[in-house]
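Trainee: Compute the structure for the input listed below.
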Amino acid sequence: MDYLSILGISIGLAAILGGNLLEGGHLDALVNGPALVIVFGGTIGAVMLQTPISIFLQALRLSGKVFRPEEFLPDQAIKKMVEWSNVARREGLLGLENASEIETDLFIRKGMQLLVDGSEPEVIRNILEVELDNQEQQDIQAARVFESMGGYAPTIGIIGAVLGLIHVMQNLADPSKLGSGIATAFVATIYGVGLANLFLLPFGGKMRTQARDKASYRELIVEGIVSIAEGENPRHIESKLQGYL
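Mentor: All right, here's what the predicted structure looks like:
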């Protein structure tokens with residue numbers, strides 16, 4: 001669980017809502033159905049128009065990892081690489097077959113299988129880097145979905161404000177209807193700017209950071225497996241991989 005993300009959202013909301021209360025405002029003044037429909041619906045519609053469905057669904061799946069990120073343990077990965085290197089030196093690459101079968105990380109398992117099959121180091125590197133680069137690109141594109149939403153939301157909020165003012169201008173002769181139009185105008189702006197800066201842009205930034213962390217971890221894996229294939233000394237492998245820390 002990423003408690004920093006939860007704490008960040010909590011502090012942001014508390015600061016805005018608390019500041020509103022300190023100024024004498026009321027929470028119910030910030031609840032406006034038409035503004036909510038305009039901002040949320042318009043933002044999601046714009047992003048769906050821009051984004052391929054596979055990337056959109058990928059973004060929704062990865063959004064949960066903002067609060068429950070994947071756990072990468074490079075220290076343990078380095079220990080595994082050193083152990084496997086020692087096994088390979090004693091028993092040959094075929095001695096790693098059992099280790100590859102029980103490995104739970106599919107990316108590592110794929111590299112180990114290539115290693116056991118006797119593939120050339122450069123072939124192993126090329127195959128794993130293709131998968132690494134493709135996965136990183138998909139994760140970055142998923143982050144861009146939220147960053148795009150963060151760009152659209154304030155503009156959609158302005159559209160909501162203009163619609164609210166149009167409603168006001170059309171009912172100048174009826175003061176009883178002016179309040180709802182003005183409320184929609186201002187609240188739509190708050191929704192757009194608040195949604196973008198408290199949620200969407202931070203979500204995109206966190207997802208982009210997680211994508212880089214995952215890619216860096218996998219680069220360590222690739223380097224370790226290729227080093228084993230090249231028959232490097234286990235101590236040299238450990239020293240090299242420590243650089244990723």
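
Trainee: which residue packs closest to the residue nearest the centre of the chain, ignoring adjacent ones?
Mentor: Geometric centre of the chain, nearest residue: residue 207, 1.8 Å, by CA atoms, centre = their mean. Excluding the flanking residues, the one nearest residue 207 by CB to CB, 6 or more residues apart in numbering is residue 143, at 3.8 Å. All C-beta atoms are positioned from the backbone trio N, CA, C, and that covers glycine.

Trainee: what number of residues lie near residue 162?
Mentor: Counted with other CB atoms under 10 Å, residues neighbouring residue 162 total 13.

Trainee: Report the contact partners of the residue nearest to residue 207.
Mentor: For residue 143, the contact set (CB atoms under 8 Å, 6 or more residues apart in numbering) comprises 59, 62, 204, 205, 207, 208, 211.

Trainee: Buried residues in the lowest-mean-pLDDT helix or strand in the chain, which are they?
Mentor: Ranked by mean pLDDT, DSSP states H and E, the helix or strand of the chain with the weakest confidence is helix 178-195, at a mean of 82. In terms of neighbour count (16 or more other CB atoms under 10 Å), helix 178-195 has its buried residues at 181, 183-192, 194-195.

Trainee: Those: which two are farthest apart?
Mentor: By the measure CB to CB, 181 and 195 form the most distant pair in those, at 21.2 Å.

Trainee: Run through who's touching stretch 122-129.
Mentor: Outside stretch 122-129, the residues touching it (CB under 8 Å, 6+ apart) are 107, 110, 111, 114, 115, 119, 218, 221, 222, 225, 226, 229.

Trainee: Check which residues of stretch 217-231 are buried.
Mentor: 217, 218, 220, 221, 222, 223, 224, 225, 226, 227, 228, 229.

Trainee: just stretch 201-216 next, same as before
Mentor: Under 16+ other CB under 10 Å, the buried positions of stretch 201-216 are 201, 202, 203, 204, 206, 207, 208, 210, 211, 214, 215.

Trainee: Tell me how far residue 126 lies from residue 120.
Mentor: 9 Å (CB to CB, to the nearest Å).

Trainee: circling back to that earlier point, what's the farthest-apart pair in the contacts of stretch 122-129?
Mentor: Farthest pair in these (CB to CB) is 119 and 218. Separation: 17.6 Å.

Trainee: on that earlier part again, between residue 126 and residue 120, which contacts overlap?
Mentor: Counting by CB under 8 Å, 6+ apart, residue 126 and residue 120 have no common neighbour.

Trainee: that older thread, mind checking how far the least confident helix or strand of the chain is from the chain centre?
Mentor: 29 Å (CA atoms, centre = their mean, to the nearest Å).
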